[in-house]
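Asks: Kindly return the folded structure for what I paste below:
(one chain, ligands or ions: 1)
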Amino acid sequence: MSFSALRNPLRNTARRATQLPKAQFRANFNRKFSTPPPPPAAEAKSSSTGLYLGLGAAAAAGLGYYFYYTTSGKEAGTAVRSAAQAAKVKANFVPAKEDYIKVYNRIAQILDDAGEYDDGSYGPVLVRLAWHASGTYDKESKTGGSNYATMRFDPEAGHGANAGLKVARDLMEKVKEEFPWISYGDLWTLGGVAALQEMAGPKIPWRPGRIDGFAAQATPDGRLPDATQSADHLRNIFYRMGFNDQEIVALSGAHALGRCHRDRSGFEGPWTFSPTTVTNDYYRLLFDEKWVWKRWDGPKQLEDKKTKSLMMLPTDYVLVQDKSFKKYAKAYAESQDVWFKDFSKAVSTLFELGVPEEQFVTKEPWILPTVEEQAEKKD
Ligand code: HEM
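Replies: The predicted structure follows:
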């Protein structure tokens with residue numbers, strides 16, 4: 001059966017899982033709002049002026065460095081855009097919280113422009129972009145992370161782990177054209193936040209302050225996890241970012257969303273029956289279903305014995321094999337609330353990796369309203 005044929009049952013399962021009334025669920029699934037943002041937050045305007053002037057100067061100074069060290073036309077295009085960003089800043093455009101909410105709302109609209117793409121939403125691939133932009137962080141050398149959005153450049157754009165993310169970067173490029181003042185790092189992480197929140201997930205505290213960097217700041221290949229590996233590998237990769245076992249398990253629950261693509265990672269299929277809704281089904285399915293190795297010509301992956309329509313990667317399955325991981329996975333299978341709380345905290349930390357504290361425009365991250373909440377407030 002094709003996956004699009006599964007879509008209506010999926011919607012019902014997703015609705016049941018989130019226990020939303022039907023009308024509200026439909027609104028969540030087929031969202032086409034263009035709600036104006038709430039009134040400006042004065043605090044954001046005043047607190048960010050100096051910082052943005054500083055960031056503009058940093059971007060402009062970096063340009064000289066960039067032209068000295070790099071040559072490709074693609075990078076030159078990005079540098080020109082970064083310079084345009086700096087120029088705007090020089091012209092004293094100081095984005096406030098309301099401006100970021102406008103970007104959030106635009107991304108929320110784009111999520112549902114997906115048509116027949118995958119399961120009808122660009123949300124999952126935007127979450128993956130935000131995670132891969134952030135998950136390159138190394139706490140020892142303090143390199144990588146979301147600060148410089150170096151995945152715009154080769155060779156990082158072409159790293160095996162990033163296969164397929166051009167779809168997400170191209171979508172975000174359209175938003176960047178409308179809001180040229182936002183940095184790529186802020187845009188991509190805000191994309192992840194908007195996608196998670198709009199797909200019925202928990203609130204993800206977020207704040208702006210990332211700056212556009214240069215190809216020389218790109219990270220070497222091999223910093224993101226390899227799905228064919230074991231628990232040791234997961235620990236090596238995530239401990240390097242500064243996470244612990246509980247956070248590894250909490251973050252992995254993002255695989256409630258989206259699917260694997262044969263032409264991207266080589267793996268195939270979704271993890272859950274509701275791949276465009278954030279639920280704790282990933283953990284529940286890990287425990288409740290019988291998982292067997294799929295017999296096929298692709299890389300080693302598991303499939304559920306009952307329907308053969310779901311999959312788990314070897315690195316997903318270790319969460320119920322490794323003793324330390326398993327206890328957290330069990331807790332998240334038993335309570336979506338517990339998982340939402342831990343997931344929200346871990347994702348917020350993930351998206352800030354590699355960004356020096358002094359770069360952020362506010363000390364306290366913002367909790368941005370969903371499009372639905374904005375509409376309710378207006379009524
Ligand atoms: C624990 C280690 C992880 C491994 C080995 C891993 C591996 C993968 C692989 C192989 C895919 C399929 C890519 C494709 O074929 O399109 C994928 C997709 C995805 N991953 Fe992960 N991942 C990990 C952690 C995470 C984390 C921490 C997040 C977010 C917080 C995340 C979010 C996603 C999402 C949303 C997708 C679906 C993308 C789509 O539908 O296009 N993953 N992951």
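Asks: Share the number of residues neighbouring residue 158, please.
Replies: Close neighbours of residue 158, defined as other CB atoms under 10 Å, add up to 12. All C-beta spots, glycine's among them, are computed from the backbone N, C-alpha and C.
Asks: Name all residues that make contact with the residue nearest to residue 227 when sequence neighbours are not counted.
Replies: Take residue 227 and drop its neighbours on the chain: the residue closest to it by CB to CB, 6 or more residues apart in numbering is residue 313, 4.1 Å away. Counting by CB atoms under 8 Å, 6 or more residues apart in numbering, residue 313 touches 227, 228, 255, 260, 267, 301, 302.
Asks: In the stretch 151-300 of the chain, where is pLDDT below threshold?
Replies: By pLDDT under 70, the stretch 151-300 of the chain has no low-scoring segment.
Asks: what about the strands in the protein?
Replies: Ranges of strands in the chain, per DSSP state E, are 259-260, 269-270, 291-293, 302-304, 311-312.
Asks: Figure out which of those is closest to residue 243.
Replies: Checking the strands of the chain against residue 243 by CB to CB gives strand 311-312 as the closest, at 20.7 Å.
Asks: and the residue in the stretch 151-300 of the chain positioned nearest to the ligand, what are its phi and psi?
Replies: At 2.3 Å from the ligand, residue 258 is the closest residue in the stretch 151-300 of the chain, using CB to the nearest ligand atom. With angles defined as degrees, to the nearest 10, residue 258 sits at phi 70, psi -160.
Asks: So it sits against residue 131, correct?
Replies: No - using CB atoms under 8 Å, residue 258 is not in contact with residue 131, being 11.0 Å away.
Asks: follow-up on the earlier one: please identify the most buried of the strands of the chain.
Replies: Among the strands of the chain, ranked by average contacts under mean count of other CB atoms under 10 Å, first place goes to strand 311-312 (a mean of 23).
Asks: At the geometric centre of the chain, which residue do we find?
Replies: residue 127 (2.5 Å; CA atoms, centre = their mean).
Asks: Tell me which residues touch that one, please.
Replies: Residues counted as contacts of residue 127 (CB under 8 Å, 6+ apart) are 192, 195, 196, 254, 257, 258.
Asks: Could you rerun that using 7 Å?
Replies: Residues in contact with residue 127 (CB atoms under 7 Å, 6 or more residues apart in numbering) are 192, 195, 196, 254, 257.
Asks: In helices, which of those fall?
Replies: 192, 195, 196 (DSSP state H).
Asks: What about the ligand: which of the residues you listed touch it?
Replies: Near the ligand, judged by CB under 6 Å from any ligand atom, there are no entries from these.
Asks: Need those residues in TSV (columns: distance to residue 339 and neighbour count).
Replies: Below are the ones in helices among the contacts of residue 127 laid out as TSV (distance: CB to CB, whole Å; neighbours: other CB atoms under 10 Å):
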residue	distance to residue 339	neighbour count
192	17	28
195	17	30
196	13	24
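Asks: so which of those residues would you say is closest to residue 241?
Replies: Using CB to CB, residue 192 is the member of the ones in helices among the contacts of residue 127 that lies nearest residue 241, at 15.4 Å.
Asks: Now tell me what touches stretch 194-201 from outside.
Replies: 18, 28, 31, 104, 107-108, 111, 121, 123, 126-127, 203-204, 257, 276-278, 347, 370-371.
Asks: Keeping just the C-alphas, turn stretch 224-237 into PDB.
Replies: C-alpha atoms of stretch 224-237 as PDB (Å, rounded to 0.1, in the frame of the first residue of the first chain):
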ATOM      1  CA  LEU A 224      26.300  13.700  13.100                       C
ATOM      2  CA  PRO A 225      25.100  10.200  14.200                       C
ATOM      3  CA  ASP A 226      25.300   7.200  11.900                       C
ATOM      4  CA  ALA A 227      22.100   5.200  12.200                       C
ATOM      5  CA  THR A 228      23.700   1.800  11.600                       C
ATOM      6  CA  GLN A 229      25.700   2.000  14.800                       C
ATOM      7  CA  SER A 230      25.300   1.100  18.500                       C
ATOM      8  CA  ALA A 231      24.800   2.700  21.900                       C
ATOM      9  CA  ASP A 232      28.500   3.500  22.200                       C
ATOM     10  CA  HIS A 233      28.400   5.600  19.100                       C
ATOM     11  CA  LEU A 234      25.300   7.500  20.200                       C
ATOM     12  CA  ARG A 235      27.000   8.300  23.400                       C
ATOM     13  CA  ASN A 236      30.200   9.400  21.700                       C
ATOM     14  CA  ILE A 237      28.200  11.700  19.400                       C
END
